[in-house]
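Visitor: What would the 3D arrangement of this be:
(chains A and B)
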Amino acid sequence: MLNAVALGERIGETGPGWAVRPTAASQTPKTPAVIIRPMSLERLLDEELVARYQAVADVREREQYVNELFRRNYARVARWCLRFVDDRESAADLAQEVFTKAYQNLGSFQGQSKFTTWLFVIARNHCLNAVRSNAREATEQKADDGEDILFALADHAPSPYSKVERDSSAKQIRELLNEALDDTERLVFTLHYGDELPLDSITRTLGLENQSGAKAYIVSAKRKLARLVQQWKARGQYMEFK
Amino acid sequence: MPYSENLKAALATTSECLTPEQLEALLDAPHIHPHVANCPRCQAELALLKSFETGSPLADEGGAVAWISAHLERRLDDIKNPAAASRRVSAEQKSLLARLFQLDGMRWAFPAAALAALAIASAFLLRSERAPELQAHLGDQPAVYRSQQLMTIGPAGGLESVPQDLRWQPLSGAATYRVEVMEVDHSKLWSAETSGTSQDLPSSLRAKIVPGKSILWQVTALDVQGRVLATSQVQKFVLQSGHLSDSPAQ
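Guide: Modelled structure (predicted):
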């Protein structure tokens, strides 16, 4: 798992991307329970609700805080899940699983980020894993497996024995992407080939409004990359790994 | 190393990439961070975080967001205690049979009476001389492909021309039908809702139905409250080679 961030406990996700892992601070004892004066829950920030949830021993009071916290974020998570599956029943199941994981790990939230960022990490990892798993089960053949662009970048296939070659190859591919593609093309390309996110999900997640959505960006990205590879080769700028 | 793995490695997170906390700080930053400017991975993560934080519902998803929010509110106890929820669902599935066959008290009388009635009815039917009536022959009606409840009519299989519409059998209690047309990887090409039992295909979609390309479709029956009653099996058709699409490509 790369570059995991210390926002709390690991949440059992697999695959590339972020996970939440334990920190030394999470081992410190909780502050003693404090007397919470009655006040409107609506006035509390998300992070204050979590802090009170962690501090209070009374179960009923704790549940009030978490109920308020979750209700504030129902729509945000629902929207997110709909981008990944596009039917409300499946999205509801996904959203329920996201909140279940959040609830199970809420005790480890350290307040080093906004609560919504912490929730994003959970939702992102969970939905990406779910959609990748579904795509593998359902796919008879990939509609657009990008073989042509992968062949265009084939000269970058490094020796399996050299980490230096692998790192150099990855660096040069990133340079190719940065030079050849505009911002949206690069985003779509990264999410599709890096995260295996289906084009339909990318279209909705990025709010693309053109007729063919993310697919158009992939087509133009592949064309531009192929052209740039040829230019680099002509200039001798193209490093080959043998 | 396979090419796809090579590309994936180039697009993966590196040790220099920013953490979510650091990306969070960039959401409202006036200028772009030097690392993010050159890192497709961090650019993608920042875009996803922005989408999560600030995204408003798309034009067609406001109702679905409200429905899911209501669903989550109803399931709040299950969210907090999924193990208990799972046990409860399992217990509910077993409870009917369990209640029927518990022998304490007088509860045995009800299942016993039901079994007796069933035995009498069976005996009566077996002694009847009349054979059960056969359903009328369907003649040259189109083939019917059965799903669990909702049956599609067509198109399916190899086709000689681009289909004009999708057709299915009516389902009792259905108020509307949601039709979805997909590519073979199940990515959506087009969808529509109708109250009838057929749906014309728009010319923009028909233009995409080209020889040799497999197309999937599925229909879902919804009641008046928008709840799913049944979903058909996914049907697949393909325009056979040598037959051209009737519309120019878009």
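
Visitor: So which helix or strand of chain A has the lowest pLDDT on average?
Guide: Scoring the helices and strands of chain A by mean pLDDT, DSSP states H and E places helix A:147-152 at the bottom, with a mean of 53.

Visitor: can you dump the C-alpha coordinates of the very next helix or strand once past it into PDB?
Guide: From helix A:147-152 onward toward the C-terminus, using DSSP states H and E, the following helix or strand is helix A:163-180. Listed next in PDB are the C-alpha coordinates belonging to helix A:163-180 (Å, rounded to 0.1, in the frame of the first residue of the first chain):
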ATOM      1  CA  LYS A 163      14.500  -1.200 -10.300                       C
ATOM      2  CA  VAL A 164      16.300   1.800 -11.800                       C
ATOM      3  CA  GLU A 165      15.000   0.900 -15.200                       C
ATOM      4  CA  ARG A 166      11.500   0.500 -13.900                       C
ATOM      5  CA  ASP A 167      11.600   3.900 -12.100                       C
ATOM      6  CA  SER A 168      13.100   5.600 -15.100                       C
ATOM      7  CA  SER A 169      10.500   4.100 -17.400                       C
ATOM      8  CA  ALA A 170       7.600   5.200 -15.100                       C
ATOM      9  CA  LYS A 171       9.100   8.700 -14.900                       C
ATOM     10  CA  GLN A 172       9.300   9.000 -18.600                       C
ATOM     11  CA  ILE A 173       5.700   7.800 -19.100                       C
ATOM     12  CA  ARG A 174       4.600  10.400 -16.600                       C
ATOM     13  CA  GLU A 175       6.500  13.000 -18.600                       C
ATOM     14  CA  LEU A 176       4.900  11.800 -21.800                       C
ATOM     15  CA  LEU A 177       1.400  12.200 -20.200                       C
ATOM     16  CA  ASN A 178       2.200  15.600 -18.900                       C
ATOM     17  CA  GLU A 179       3.500  16.900 -22.200                       C
ATOM     18  CA  ALA A 180       1.000  15.300 -24.500                       C
END
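
Visitor: Whichever helix or strand comes after helix A:163-180 - contacts with which helices or strands?
Guide: Proceeding N to C from helix A:163-180, the next assigned helix or strand is helix A:183-189, under DSSP H and E. Counting contacts by 3 or more Cβ pairs under 8 Å, 6 or more residues apart in numbering or on different chains; DSSP states H and E, helix A:183-189 packs against helix A:163-180, helix A:214-235, helix B:40-54. (Each C-beta comes from the backbone N, C-alpha and C, glycine too.)

Visitor: Turn these into TSV, columns for distance to residue B:64, mean pLDDT and mean neighbour count.
Guide: As requested, the helices and strands packed on helix A:183-189 are exported to TSV (distance: least, Cβ to Cβ, whole Å; pLDDT from 0 to 100; neighbours: other Cβ atoms under 10 Å in any protein chain shown):
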stretch	distance to residue B:64	mean pLDDT	mean neighbour count
helix A:163-180	34	79	17
helix A:214-235	20	90	17
helix B:40-54	17	91	20
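
Visitor: Nearest to residue A:193, out of these?
Guide: helix A:214-235 (8.7 Å; Cβ to Cβ).

Visitor: is chain B contacted by that closest one?
Guide: No - contact of helix A:214-235 with chain B (Cβ under 8 Å from any Cβ of the partner chain) is absent, the minimum separation being 8.7 Å.

Visitor: Tell me which residues touch whichever residue of chain A sits closest to chain B, please.
Guide: Going by Cβ to the nearest Cβ, chain B is nearest to residue A:194 of chain A, at 3.1 Å. Counting by Cβ atoms under 8 Å, 6 or more residues apart in numbering or on different chains, residue A:194 touches A:16, B:7, B:8, B:11, B:12, B:40, B:41, B:44.

Visitor: repeat for residue B:76
Guide: By Cβ under 8 Å, 6+ apart, the neighbours of residue B:76 are A:67, A:70.

Visitor: Tell me the predicted confidence for it.
Guide: pLDDT recorded at residue B:76 is 93.

Visitor: need the longest helix for chain A.
Guide: Longest helix in chain A, counting residues (DSSP state H): helix A:59-85.

Visitor: Now that one: average pLDDT?
Guide: 93.

Visitor: just for chain B, where's the confidence low?
Guide: Scanning chain B for pLDDT under 70 picks out B:1-5, B:55-56, B:89, B:92-111, B:124-148, B:242-250.

Visitor: Taking it, what residue is nearest to chain A?
Guide: For chain B, Cβ to the nearest Cβ, closest residue to chain A: residue B:11, 3.1 Å.

Visitor: Hmm, that residue is touching residue B:40, no?
Guide: Yes - counting by Cβ atoms under 8 Å, residue B:40 is a contact partner of residue B:11 at 6.0 Å.

Visitor: now the strands for chain B?
Guide: B:152-154, B:157-159, B:165-168, B:176-182, B:188-194, B:198-200, B:214-222, B:228-231, B:235-239 (DSSP state E).

Visitor: okay, those, which one's buried deepest?
Guide: Of all these, strand B:214-222 carries the top mean neighbour count, a mean of 22, counting by mean count of other Cβ atoms under 10 Å in any protein chain shown.

Visitor: so what does that strand touch, helix or strand wise?
Guide: So strand B:214-222, by 3+ Cβ pairs under 8 Å, 6+ apart, packs with strand B:165-168, strand B:176-182, strand B:228-231, strand B:235-239.

Visitor: what sits against residue A:100?
Guide: Residue A:100 touches B:78, B:79, B:80, B:82, counting by Cβ under 8 Å, 6+ apart.

Visitor: pLDDT of the helix or strand where it lies, averaged?
Guide: Assessed by DSSP H and E, residue A:100 sits inside helix A:88-105. Helix A:88-105 shows a mean pLDDT of 95.

Visitor: a markdown table for the strands of chain B, including distance to residue A:221?
Guide: Converted to a markdown table, these look like this (distance: least, Cβ to Cβ, whole Å):
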| stretch | distance to residue A:221 |
| --- | --- |
| strand B:152-154 | 37 |
| strand B:157-159 | 33 |
| strand B:165-168 | 33 |
| strand B:176-182 | 23 |
| strand B:188-194 | 21 |
| strand B:198-200 | 34 |
| strand B:214-222 | 25 |
| strand B:228-231 | 35 |
| strand B:235-239 | 28 |
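
Visitor: so what are the domain limits for the chain?
Guide: By default, I'm working from chain A. A:24-138, A:147-235 (automatic domain parsing).

Visitor: ah, no, chain B please
Guide: B:3-54, B:152-239.

Visitor: Please report the distance of the closest residue to residue A:199 other than its chain neighbours from residue A:100.
Guide: Residue nearest to residue A:199 in three dimensions, not counting chain neighbours: residue A:214, with 4.2 Å by Cβ to Cβ, 6 or more residues apart in numbering or on different chains. Look at residue A:214 and residue A:100: by Cβ to Cβ, to the nearest Å, they are 30 Å apart.

Visitor: same check, this time on residue A:64
Guide: Look at residue A:64 and residue A:100: by Cβ to Cβ, they are 19 Å apart.

Visitor: Next: residue A:87.
Guide: Shown here: residue A:87 relative to residue A:100, a distance of 20 Å by Cβ to Cβ.

Visitor: dump the residue contacts of residue B:192.
Guide: B:178, B:179, B:199 are the contacts of residue B:192 under Cβ under 8 Å, 6+ apart.

Visitor: for residue B:38, that is, sorry about that
Guide: A:174, A:178.

Visitor: Show me where chain B has its helices.
Guide: With DSSP H as the criterion, chain B has helices at B:3-10, B:20-26, B:34-38, B:40-54, B:62-74, B:76-80, B:82-101, B:109-127, B:203-206.

Visitor: Compare the strands of chain B and give me the one nearest residue A:54.
Guide: strand B:228-231 (39.0 Å).
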